[in-house]
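In: prediction below, plus the sequence it came from.
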Amino acid sequence: MIDLSKQYRTEEGYEVKLSFIDDDDEVYGHYKSKGGYWVAGKWSVDEGRYLGGFNVGLDLVEVKPRIKRTVWLNVYEDFTSIHSRRDLADMNTMIIASLV
């Protein structure tokens, strides 16, 4: 089910801006063409299938938000540890060094 509050791209990876859903369960909006122009289109609200005729990679695919974070990774011969802060990674290194 297409949700206007979510972000979508075409199967080919082109940007999509959805505008509204009508009473016939069709979603209207625009997609950016290969040439960089915005082209009007409509899709089914259930599956996001392109309804504008010739369809080559114009079905909708939801874009999941990327989660970016910084982590510190300590790699040892026998194991690996991941830390959310550098001071914790450094402390782990000192503890491991004292055990060896």
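Out: Received, thanks. Numbering: from 1, shown residues only.

In: helices of the chain, residue ranges please.
Out: Per DSSP state H, the chain carries helices over the ranges 86-99.

In: from R9, how far off is the residue sitting nearest the centre point of it?
Out: Nearest residue to the geometric centre of the chain (C-alpha atoms, centre = their mean): K64, 3.0 Å. Between K64 and R9 the computed distance is 11 Å (C-beta to C-beta, to the nearest Å). All C-beta spots, glycine's among them, are computed from the backbone N, C-alpha and C.

In: ok, and for stretch 51-65, which residues are buried?
Out: Within stretch 51-65, the residues that qualify as buried are 58-60, counting by 16 or more other C-beta atoms under 10 Å.

In: show me what that stretch is in contact with.
Out: The contact list for stretch 51-65 (C-beta atoms under 8 Å, 6 or more residues apart in numbering) reads 2, 6-12, 16, 26-27, 31, 41-44, 47-50.

In: those, buried ones only, as a ChimeraX selection?
Out: The following ChimeraX line selects those of the contacts of stretch 51-65 that are buried, judged by 16+ other C-beta under 10 Å:
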select :2,8,10,16,27,31,41,42,43,44,48,50
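
In: can I get stretch 19-33 as PDB, trimmed to CA atoms?
Out: Provided in PDB are the C-alpha atoms of stretch 19-33 (Å, rounded to 0.1, in the frame of the first residue of the first chain):
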ATOM      1  CA  SER A  19       1.000  14.300  -4.900                       C
ATOM      2  CA  PHE A  20      -2.300  12.700  -4.100                       C
ATOM      3  CA  ILE A  21      -4.500   9.500  -4.100                       C
ATOM      4  CA  ASP A  22      -7.800   9.800  -5.900                       C
ATOM      5  CA  ASP A  23     -11.100   7.800  -5.300                       C
ATOM      6  CA  ASP A  24     -10.100   5.200  -7.900                       C
ATOM      7  CA  ASP A  25      -7.100   4.100  -5.800                       C
ATOM      8  CA  GLU A  26      -4.600   5.700  -8.200                       C
ATOM      9  CA  VAL A  27      -1.600   7.600  -7.000                       C
ATOM     10  CA  TYR A  28      -0.600  10.700  -8.900                       C
ATOM     11  CA  GLY A  29       2.800  12.400  -9.000                       C
ATOM     12  CA  HIS A  30       5.900  12.900 -11.000                       C
ATOM     13  CA  TYR A  31       9.100  11.000 -11.700                       C
ATOM     14  CA  LYS A  32      12.400  12.300 -12.900                       C
ATOM     15  CA  SER A  33      13.200  11.000 -16.400                       C
END
